[in-house]
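Participant: sequence first, then the predicted structure, then my questions.
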Amino acid sequence: HGNDVYPQFNQRIEAVAERIESTYPQLVVASVEGSPGLDPLQKVKERQPDQVNFVPLMIVAGDHILNDVLGDEPDSWKNIIAAPQALLSPSLGWNKGILYIYFDHLDQALSKLKDKGAS
């Protein structure tokens, strides 16, 4: 997603982007807001791919995916890239490993709150 208001929150996205793109040069990471923003999409457009596959790095892929990424507006990601075919992978909320981590963190946070309430 990214963040225009608090740019310090983009540092993790930038770190993930750097790691992904250095390991897999054919991939790019872009964000709806903040940094890295839409600039990485130009790298994809320059390659003139026949097909792109968007992988939402969000727990739920809702409005942003339907409109900002796959929408029919000229500024949607699929239209910026101009690939003849655009595919969409499931969001992170469908990944069992990610859900395990998510709920484990939630359990830990709830346990800490419970412990503070008992003090």
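Facilitator: Looks like it arrived, so ask away.

Participant: okay, how far is it across stretch 30-41, tip to tip?
Facilitator: 7 Å (Cα to Cα, to the nearest Å).

Participant: pull the residues that contact it.
Facilitator: Outside stretch 30-41, the residues that touch it by Cβ atoms under 8 Å, 6 or more residues apart in numbering are 1-4, 7, 9-10, 13-14, 17, 21, 28-29, 64, 68, 77, 80-81. Every C-beta, even on glycine, is put in place using the N, C-alpha and C of the backbone.

Participant: what is the helix or strand containing residue 13 packed up against?
Facilitator: Under the criterion of DSSP states H and E, residue 13 resides in helix 10-23. Packed against helix 10-23 by the contact rule (3 or more Cβ pairs under 8 Å, 6 or more residues apart in numbering; DSSP states H and E) you find no helix or strand.

Participant: quick one: distance of the helix or strand following that helix to the chain centre.
Facilitator: Following helix 10-23 in sequence order, the next helix or strand is helix 39-47 (DSSP H and E). Offset of helix 39-47 from its chain centre (Cα atoms, centre = their mean, to the nearest Å): 16 Å.

Participant: contact partners for the residue lying closest to residue 84 once chain neighbours are set aside?
Facilitator: Spatial nearest neighbour of residue 84, chain neighbours left out: residue 50 (5.7 Å); criterion: Cβ to Cβ, 6 or more residues apart in numbering. For residue 50, the contacting residues are 83, 84, 85, by Cβ under 8 Å, 6+ apart.

Participant: any idea how many residues pack against the first one?
Facilitator: This means residue 83. Using other Cβ atoms under 10 Å, residue 83 has 19 neighbouring residues.

Participant: who's in contact with it?
Facilitator: Here residue 83 is in contact with 44, 48, 49, 50, 51, 52 (criterion: Cβ under 8 Å, 6+ apart).

Participant: what's the answer for the last one, then?
Facilitator: Residue 85 makes contact with 50, 51, 52, according to Cβ under 8 Å, 6+ apart.

Participant: quick one: residue 51 from residue 85, how far?
Facilitator: According to Cβ to Cβ, to the nearest Å, residue 51 and residue 85 sit 4 Å apart.

Participant: sorry, that was for residue 74
Facilitator: 18 Å.
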